[in-house]
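In: Predicted model and sequence follow; I will ask about them next.
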Amino acid sequence: MTSNLFNTPEVQQFLDLACGINNSDGNERNKQIVHRLLSDLFRAIEDLNITPDEYWAGVAYVNTLGARGEAGLLSPGLGLDRFLDMRMDAADAALGIDNQTPRTIEGPLYVAGAPVEHGFARLDDGSDPNGHTLVMYGQVKGSDGQPLAGASVEVWHCNTKGFYSHFDPTGEQKPFNMRRTIITDENGNYKFQSIVPKGYGCPPDGPTQALLNQLGRHGNRPAHIHFFVSADDHRKLTTQINIDGDPLLNDDFAYATREGLVPPIVERTDEESIKAQGLTEPFA
Ligand code: MBD
Ligand code: FE
């Protein structure tokens, strides 16, 4: 059965009606967006002959996605977060802005309000028995290349099971474990000690993984650490680094790996160099 209802004046008027196009109330921008998305959906239903059963399965899926709080997880899995970044990169390039550290996606697991430290922070509470010590340091610079003292470096990552505090189904982690805000020192430097995170996997019984299964895709990310970098009068940078050598480095279900975000790792095993790193006791 083929039909072309979509292009009839009746259906086009019906779309306008459903989107309040001729109403003086409401928000014009949101009418425009809803009209476009709804039009695309009507057309897909017609072009693909989407059956009522298929349609209602979709409605049930959206309900499950919301009930499980996974809309923000499906979004990067479908590449939408990456696409928004591609558009910001293109806008920057058009303005001749050459970002020294590439942006990459935020993901759904940031929590505001982490403890604030100055210059150095220990992120982990020392409770992960499989924790392998990691030290990372760097310098925050403005677009003019000058170091930025007093900048804020928000860091968050998961444990060796791939679970983030506040989202850990085992309930084993205290609030803000592996989440800190580090204020850069007078030279714009920050440093932290933590443990090497594991890659993340979508909840295996959740709706995001269910959809990925339908696409023949996995739902795993390589090991990574998230950052927000901000300073007064500067645009916030959202980015991540990857742990080099992870087998999924270039097979991330969320498409966040980027050249320039895989820093070199130096393995240190001798006591003296460990002491020289200034490693601390676990945060209380
Ligand atoms: C993560 O930890 C993450 O960073 C992203 C982008 C998606 C899911 C889980
Ligand atoms: Fe993450």
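Out: Perfect, thanks for sending it. Ligands and ions are numbered 1, 2, ... in the order given.

In: residues contacting the closest residue to residue 168 other than its chain neighbours?
Out: Spatially, and ignoring its direct neighbours in sequence, residue 168 is nearest to residue 159 (7.7 Å; C-beta to C-beta, 6 or more residues apart in numbering). Bear in mind the C-beta positions are built from the backbone N, C-alpha and C, glycine included. For residue 159, the contact set (C-beta atoms under 8 Å, 6 or more residues apart in numbering) comprises 124, 128, 131, 168, 173, 177-178, 195, 197-198.

In: what's the neighbour count on the residue in the chain that ligand 1 sits nearest to?
Out: Nearest residue of the chain to ligand 1, counting by C-beta to the nearest ligand atom: residue 107, 2.8 Å away. A total of 21 residues lie near residue 107 under the criterion other C-beta atoms under 10 Å.

In: Check the one 4 residues further on too.
Out: Number of residues near residue 111 (other C-beta under 10 Å) recorded here: 14.

In: Equivalent analysis for the one 3 residues further on, please.
Out: Applying other C-beta under 10 Å, we find 21 other residues in the vicinity of residue 114.

In: What about the nearest residue to it once chain neighbours are set aside? Give its phi and psi, please.
Out: Using C-beta to C-beta, 6+ apart and skipping residues adjacent in sequence, the residue nearest residue 114 is residue 179, 4.0 Å away. Phi and psi for residue 179, reported as degrees, to the nearest 10, are phi -140, psi 120.

In: Counting neighbours, what do you get for residue 179?
Out: Residue 179: 24 neighbours (other C-beta under 10 Å).

In: do the one 10 residues further on as well
Out: Taking other C-beta under 10 Å as the neighbour definition, residue 189 ends up with a count of 18.

In: OK, contacts around it?
Out: 119, 137-140, 147.

In: check the contacts of residue 159 against ligand 1, which are close?
Out: The subset of these within reach of ligand 1, counting by C-beta under 6 Å from any ligand atom, is empty.

In: Which of those fall in strands?
Out: Among the contacts of residue 159, the residues falling in strands (DSSP state E) are residue 195.

In: got a winner among the contacts of residue 159 for most neighbours?
Out: Ranking the contacts of residue 159 using other C-beta under 10 Å puts residue 197 first, with 29 neighbours.

In: thought it was touching residue 160?
Out: Yes. With contact defined as C-beta atoms under 8 Å, residue 197 counts as touching residue 160 (7.1 Å).

In: sorry, back to before: which of the contacts of residue 189 are buried? Put it as a PyMOL command.
Out: The PyMOL command for the buried members of the contacts of residue 189 (criterion: 16 or more other C-beta atoms under 10 Å) is given here:
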select buried, resi 138+140
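
In: any chance of the contacts of residue 189 in JSON lines, with secondary structure too?
Out: What follows is the contacts of residue 189, written out as JSON lines (DSSP: H, G, I helix; E, B strand; the rest coil):
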{"residue": "119", "secondary structure": "coil"}
{"residue": "137", "secondary structure": "strand"}
{"residue": "138", "secondary structure": "strand"}
{"residue": "139", "secondary structure": "strand"}
{"residue": "140", "secondary structure": "coil"}
{"residue": "147", "secondary structure": "strand"}
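
In: So which of the contacts of residue 189 is the closest to residue 219?
Out: Among the contacts of residue 189, residue 138 lies closest to residue 219 (C-beta to C-beta), at 30.1 Å.

In: mind listing what the residue nearest to the closest one when sequence neighbours are not counted touches?
Out: Closest residue in space to residue 138, ignoring its immediate chain neighbours: residue 190 at 6.3 Å, by C-beta to C-beta, 6+ apart. Residues near residue 190 by C-beta under 8 Å, 6+ apart: 119-120, 137-140, 153, 182-184.

In: With that, I have no additional questions.
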